[in-house]
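Visitor: Make a model of this:
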Amino acid sequence: MKRRHLVTAALAAFSCSSIVSVASASSHREAPAISRDPAADNTDLWAWVTPGSHDKLNIVASYIPLEEPSGGPNFHQFSDDVLYEIHIARGAASLKDVVTYQILFNSTGFPSKDPSDLNDPLGGGKEFFSQIAGNVQTYQIIRIEKGVATTQINEAKIAPINIGPRTQAVIAAGAKYDDAFAAGFITPFETKNGRSWVGPRDDGFYVDLGGVFDLANLRPKGTAQDGVAGFNCHTIALEIPTSELTGTGNPPTAGANDAQTLGIWASASRRKVRVLHNDGTERGLGPWKQVSRLGLPLINEAVIGLQDKDKFNASRPARDVDNFGAYFLNPIVVRDAEAVGIYKALGVPQSTVDALKHDRLDIIDTINLKASGHNIPLSATGDVLRVDIGTDSGFPNGRPLVGGAAPNKEQADVTDVLLSVILAKGTLNVSDGVDYNDKPYLTSFPYLALPWEGYSQGHGKATP
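Guide: Here you go, the predicted structure:
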């Protein structure tokens, strides 16, 4: 108790100081290797049950960071060469998947055409504009449970890029790119209850990137800048009846219960061998190898050291205790905050800083939902987003996109929450100065806002 009061008093200046925490986007370019492979880069993961009824589990997994809306002619898209997966564990004994959703993409490609034949009709790939070239990408979702794979979605359409009004008139016969148009790409599952939506959306994260990466030279609220504002990402959204995930086929029982608490994480994998052909194309061979993953926000950014970030992305949560346990117990962000002078500027005693560097079981207790009565052992601890499907979700029990204090706010500002825990043992509200998204979230599936339009909403500036 005495130690807790010491931390509270020494860090009191955090709540009003303009010198704030070390942070970064939830999982944008967070490791050296994945920064060179944006199509496989997990950016965010949200998961929560429908409030009150608890009858649906909503999962929103985003990839491809910092998509410039006007970034053509080859606009961002999911890769045909990447295996995207949503993993779901259940209970307190293990982080082994009980259900896995695999999402695979396929593009029709282009036939060989003679560029000199000007009478050849449009389409086929010899055009300058990608949107009239004729390449079509679809997706497939496969559910794996107890070793049995069943196709949930087959050759479904992906929502198009929001390029601009002229493109929209060509691809959708004049239909405006609005919520009603985007909702037309919601697809019901074929063999199980549930539905999906896949395509570009507004990047729903918010953070002062410019200040973060200048050695935490952040600005107070009112002058802090949302470095993710105006950028898009690519999203896979799933809505799954919770009765499909309890293991009994019945709805979850009301109240906190380890047995019906899920551990959810998303990943991306590439084939082990990459073969480059003389025509510039490539082909992957061999088994899938994981190259990116995300459960809780900010773990690889704020908890894992640079030397192990690539290793972290290539491993599974079930091995986190063995491989990365020391990082959770000895958070490097505290040492780094000390190194750049944050604690010294606030006059925090060295003894308090030292106490924040070691033996941080409070971090483990937070991600394992101990405060809400759950009893998840150390052996089943890992970077997964825990969701007790018998209770209303509230971070860190899930991460809802609904229920925030305003339409453009998540239910919890996860950057502030996690860094308050890591930097101050949760005794204070530590903020990065950016506390809302640049667009309101939707109140219905798929929840993230429409993507920014390339023609009128890119980051370019008019020239006088």
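
Visitor: lowest-confidence helix or strand of this protein?
Guide: Counting by mean pLDDT, DSSP states H and E, the chain has its least confident helix or strand at helix 2-10, which shows a mean of 43.

Visitor: next structured bit after that one?
Guide: Note on helix 2-10: by DSSP states H and E, the next helix or strand toward the C-terminus is strand 42-49.

Visitor: now the angle from the following helix or strand past that next one to strand 42-49?
Guide: Beyond strand 42-49 in the direction of the C-terminus, DSSP H and E gives the next helix or strand as strand 56-67. Interaxial angle of strand 56-67 relative to strand 42-49 (axes from the mean of the first three to the mean of the last three CA atoms, to 10 degrees): 160 degrees.

Visitor: Output the contacting helices and strands for strand 56-67.
Guide: Contacting strand 56-67 under the criterion 3 or more CB pairs under 8 Å, 6 or more residues apart in numbering; DSSP states H and E are the following elements: strand 42-49, strand 82-90, strand 232-241, strand 261-276. In this view, the C-beta of every residue, glycine as well, is placed from N, C-alpha and C.

Visitor: Output the ones you listed as a markdown table; include the columns mean neighbour count and mean pLDDT.
Guide: Shown next, in a markdown table, are the helices and strands packed on strand 56-67 (neighbours: other CB atoms under 10 Å; pLDDT from 0 to 100):
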| stretch | mean neighbour count | mean pLDDT |
| --- | --- | --- |
| strand 42-49 | 27 | 98 |
| strand 82-90 | 23 | 98 |
| strand 232-241 | 24 | 98 |
| strand 261-276 | 20 | 96 |
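
Visitor: so which of those strands gets nearest I376?
Guide: Distance to I376, taken as CB to CB, is lowest for strand 261-276 among the helices and strands packed on strand 56-67, at 7.5 Å.

Visitor: residues in contact with A268?
Guide: A268 is in contact with 40-42, 63, 82-85, 290-293, counting by CB atoms under 8 Å, 6 or more residues apart in numbering.

Visitor: again, only this time at 7 Å
Guide: 40, 42, 63, 82, 84, 291-292 (CB atoms under 7 Å, 6 or more residues apart in numbering).

Visitor: K461: neighbouring residues, count only.
Guide: 6 (other CB atoms under 10 Å).

Visitor: and the gap between it and A256?
Guide: Here K461 is placed at a distance of 52 Å from A256 (CB to CB, to the nearest Å).

Visitor: Please apply the same query to F395.
Guide: To A256, F395 is 15 Å away according to CB to CB.

Visitor: Can you pick out the residue with more neighbours from those two?
Guide: Neighbours were counted for F395 and for A256 using other CB under 10 Å; F395 has more, 19 against 15.

Visitor: per-residue pLDDT, that one?
Guide: On pLDDT, F395 comes in at 96.

Visitor: And the residue nearest to it when sequence neighbours are not counted, its phi and psi?
Guide: Of all residues not flanking F395 in the chain, A412 sits nearest, at 3.9 Å (CB to CB, 6 or more residues apart in numbering). Backbone torsions of A412, given as degrees, to the nearest 10, read phi -140, psi 140.

Visitor: count of residues packed around A412?
Guide: The number of residues packed near A412 is 18, by other CB under 10 Å.

Visitor: what do you get for the one 3 residues further on?
Guide: Residues lying near T415 (other CB under 10 Å) number 28.

Visitor: could you list every residue that touches the closest residue to E453 other than its chain neighbours?
Guide: Excluding the flanking residues, the one nearest E453 by CB to CB, 6+ apart is N162, at 4.7 Å. Contacts for N162 (CB under 7 Å, 6+ apart) come out as 69, 177, 200, 450-454.

Visitor: give the contact list for the residue nearest to K370 when sequence neighbours are not counted.
Guide: Nearest residue to K370, sequence neighbours excluded (CB to CB, 6+ apart): I376, at 7.8 Å. Neighbouring residues of I376 by CB under 7 Å, 6+ apart: 92, 258, 368-369.

Visitor: Surely I376 is in a helix?
Guide: No. Counting by DSSP: H, G, I helix; E, B strand; the rest coil, I376 falls outside a helix, being coil.

Visitor: Tell me how far it lies from G398.
Guide: 15 Å.

Visitor: With distance to Y441 as extra columns, can I get the contacts of A268 in a markdown table?
Guide: Formatted as a markdown table, the contacts of A268 follow (distance: CB to CB, whole Å):
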| residue | distance to Y441 |
| --- | --- |
| A40 | 25 |
| N42 | 19 |
| Y63 | 18 |
| V82 | 26 |
| Y84 | 22 |
| V291 | 29 |
| S292 | 24 |
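
Visitor: and of those, the nearest to F189?
Guide: Closest to F189 out of those is Y84 (16.5 Å), distances taken as CB to CB.

Visitor: residues in contact with F189?
Guide: So F189 contacts 152-153, 195 (CB under 7 Å, 6+ apart).

Visitor: do the same with Q260
Guide: Counted by CB under 7 Å, 6+ apart, Q260 has contacts 246, 252-253, 388-390.

Visitor: If we use 10 Å, what do you get?
Guide: Neighbour list for Q260: 54, 90-91, 242, 245-248, 251-253, 387-391 [criterion: CB atoms under 10 Å, 6 or more residues apart in numbering].

Visitor: did I read that right, D354 in a strand?
Guide: No. Judged by three-state DSSP, D354 forms no part of a strand; its state is helix.

Visitor: Kindly state the pLDDT recorded for it?
Guide: 94.

Visitor: What number of residues are in the vicinity of it?
Guide: Around D354 there are 12 residues (other CB under 10 Å).

Visitor: same question, D114
Guide: D114 has 8 neighbouring residues, counting by other CB under 10 Å.

Visitor: Name the nearest residue to it, sequence neighbours excluded.
Guide: In space, and not counting its chain neighbours, D114 is closest to D120: 6.8 Å by CB to CB, 6+ apart.

Visitor: Now do that neighbour against T281, distance only.
Guide: For D120, the distance to T281 - CB to CB - is 22 Å.

Visitor: These two - which one has more neighbours?
Guide: Legend: neighbour count by other CB under 10 Å for D120 and T281, higher for D120 (12 against 9).

Visitor: How far off centre is stretch 102-114?
Guide: Offset of stretch 102-114 from its chain centre (CA atoms, centre = their mean, to the nearest Å): 27 Å.
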